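Trainee: Okay, sequence plus prediction incoming.
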Amino acid sequence: MEQSEQRIKIAVQKTGRLTDHSIDLLERCGLKVTKSKNQLICYGENMPIDLLLVRDDDIPGLVSDDVCDLGIVGLNVVEEKRLQLEQEGSNGRFKQIFELDFGHCRLSIAAPEDVDYVGPESLKNVKIATSYVGLLTDYLKRNRIAAEPIFFSGAVEIAPKLGRADFICDLVSSGETLLANGLREVAVLLESEAVVIQTLAPLSDEKQALVDKIIQRLDGVLKVRDSKYIMLHAPRSALAEIRALLPGSESPTVLPLEGSDDKIAVHAVCRENVFWETLENLKAAGASSLLVLPVEKMLA
Ligand code: PRT
Ligand code: ZN
């Protein structure tokens with residue numbers, strides 16, 4: 001087997017909204033990469049893992065065709081590709097394994113401010129400009145609406161002004177682009193965020209072991225995203241009240257404090273963010289010397 005065939009390839013967006021988050025996530029999984037000059041491939045220095053830097057739209061296809069083993073891409077792109085493949089009579093050979101909590105947006109239908117919208121029936125016989133023909137067609141079919149999707153590859157929001165469409169269907173995050181173009185959101189078709197997809201093609205034992213390791217590390221990084229390690233001192237009598245106040249924590253470690261019979265130290269991992277209010281409540285319950293630390297990695 002060629003050396004390169006034993007390396008894991010992960011497809012990542014080359015330049016765009018997902019790029020920095022995706023690379024940061026993989027670095028937090030322990031991967032160190034060198035960027036090559038043409039930046040099409042970043043070679044892993046410390047693990048047999050390479051990143052293919054590509055357009056986000058190509059990522060599901062590369063994973064489905066087994067060119068890449070894993071990919072990081074928006075759910076909107078994954079679902080559009082899945083529907084497109086279905087329409088061509090084939091199935092995407094990939095599965096979604098993680099939601100990553102970045103790249104949040106929604107695919108929505110928007111109407112010009114002066115156009116009435118009372119519900120999906122208002123879309124009857126209208127033209128809707130979109131780059132997401134698959135997802136829009138699926139929505140129209142599910143709602144039994146006869147409307148015409150008009151394919152636009154970019155600048156979808158100007159289609160109504162150009163007289164090319166009555167409505168648009170595009171990604172929205174803050175809503176500012178819609179507002180600037182005199183449009184308002186009327187229906188949400190899909191809530192999206194970046195996800196990790198994995199090929200369904202069978203892998204060699206070596207590659208499978210490496211994919212499993214990366215998945216375990218991703219899981220570890222994602223699990224501790226909002227976790228905090230909290231340390232405090234308290235009177236032993238306040239332990240029950242303090243445990244009840246610790247957000248999303250499992251059994252805390254309770255240690256005696258040197259030179260004090262009735263005071264203890266409590267250490268706990270909280271699976272949720274620890275807000276100032278929680279600290280204030282803990283203090284009111286008798287806690288002192290409170291410390292909250294970020295958790296970087298966790299291996300269960
Ligand atoms: O070159 P390549 O094809 O890789 O990049 P791209 O231009 O297709 O993608 P990019 O980098 O813009 O977006 C990558 C992914 O980020 C998308 O597939 C989504 O999963 C996610 N994402 C999150 C968004 C947005 N938020 C977003 N706001 N993608 C695009 N937008 C655009 C939207 O199309 C519209 O033009 O931003 C505008 C609306 O933003 P607001 O904040 O004004 O509502
Ligand atoms: Zn794209």
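Mentor: Structure's in. What do you need? Ligands and ions are numbered 1, 2, ... in the order given.
Trainee: Could you report the neighbour count for R225?
Mentor: 13 (other C-beta atoms under 10 Å). Backbone N, C-alpha and C define where each C-beta goes, glycine included.
Trainee: Over to the one 5 residues further on?
Mentor: When neighbours are defined as other C-beta under 10 Å, I230 has 24 of them.
Trainee: Enumerate every residue touching it.
Mentor: Shown in contact with I230 (C-beta atoms under 8 Å, 6 or more residues apart in numbering): 246, 249, 266-270, 274, 290-293.
Trainee: And the buried ones among these, selectable in ChimeraX?
Mentor: Applying 16 or more other C-beta atoms under 10 Å to the contacts of I230, the buried members can be selected in ChimeraX as follows:
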select :246,249,266,268,269,270,274,290,292
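Trainee: From the contacts of I230, which land in helices?
Mentor: Residues of the contacts of I230 located in helices (DSSP state H): none.
Trainee: need the contacts of I230 in a markdown table with pLDDT and distance to ligand 2, can you?
Mentor: As requested, those are arranged in a markdown table below (pLDDT from 0 to 100; distance: C-beta to the ion, whole Å):
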| residue | pLDDT | distance to ligand 2 |
| --- | --- | --- |
| L246 | 90 | 43 |
| S249 | 76 | 41 |
| V266 | 96 | 49 |
| H267 | 96 | 46 |
| A268 | 94 | 43 |
| V269 | 91 | 38 |
| C270 | 89 | 38 |
| V274 | 82 | 38 |
| L290 | 96 | 46 |
| L291 | 96 | 44 |
| V292 | 94 | 39 |
| L293 | 94 | 38 |
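Trainee: Can you give me the distance of the most centrally placed residue in the chain to L293?
Mentor: Nearest to the mean C-alpha position of the chain, by C-alpha atoms, centre = their mean, lies L100 at 2.7 Å. Counting by C-beta to C-beta, to the nearest Å, the gap between L100 and L293 amounts to 23 Å.
Trainee: Can you find the residue of the stretch 101-250 of the chain that comes nearest to ligand 2?
Mentor: For the stretch 101-250 of the chain and ligand 2, the shortest gap (C-beta to the ion) falls at S131, measuring 8.4 Å.
Trainee: From I168, how far off is that residue?
Mentor: For S131 relative to I168 (C-beta to C-beta), the value is 10 Å.
Trainee: In terms of neighbours, single out the busier of the two.
Mentor: Neighbours were counted for S131 and for I168 using other C-beta under 10 Å; I168 has more, 27 against 21.
Trainee: That one belongs to a strand, doesn't it?
Mentor: Yes - judged by DSSP: H, G, I helix; E, B strand; the rest coil, I168 forms part of a strand.
Trainee: Next, the contact list for it, please.
Mentor: With C-beta under 8 Å, 6+ apart, I168 has these contacts: 109-110, 128-130, 152, 156-157, 159-160, 183.
Trainee: out of the residues you listed, which one sits closest to R142?
Mentor: Distances from R142 to the contacts of I168, taken as C-beta to C-beta, are shortest for I109 (13.2 Å).
Trainee: ok so, going back, and the gap between the residue of the stretch 101-250 of the chain closest to ligand 2 and ligand 1?
Mentor: 8 Å (C-beta to the nearest ligand atom, to the nearest Å).
Trainee: Isn't that residue up against A159?
Mentor: No - applying C-beta atoms under 8 Å, one finds S131 not in contact with A159, separated by 10.8 Å.
Trainee: Give the residues shared as contacts by those two.
Mentor: Shared contacts of S131 and A159, defined by C-beta under 8 Å, 6+ apart, are found at F152.
Trainee: As JSON lines, the contacts of I168 with neighbour count and secondary structure would be great.
Mentor: JSON lines is the format used below for the contacts of I168 (neighbours: other C-beta atoms under 10 Å; DSSP: H, G, I helix; E, B strand; the rest coil):
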{"residue": "I109", "neighbour count": "26", "secondary structure": "strand"}
{"residue": "A110", "neighbour count": "28", "secondary structure": "strand"}
{"residue": "I128", "neighbour count": "29", "secondary structure": "strand"}
{"residue": "A129", "neighbour count": "25", "secondary structure": "strand"}
{"residue": "T130", "neighbour count": "25", "secondary structure": "strand"}
{"residue": "F152", "neighbour count": "22", "secondary structure": "coil"}
{"residue": "V156", "neighbour count": "25", "secondary structure": "helix"}
{"residue": "E157", "neighbour count": "19", "secondary structure": "helix"}
{"residue": "A159", "neighbour count": "22", "secondary structure": "coil"}
{"residue": "P160", "neighbour count": "22", "secondary structure": "coil"}
{"residue": "L183", "neighbour count": "27", "secondary structure": "strand"}
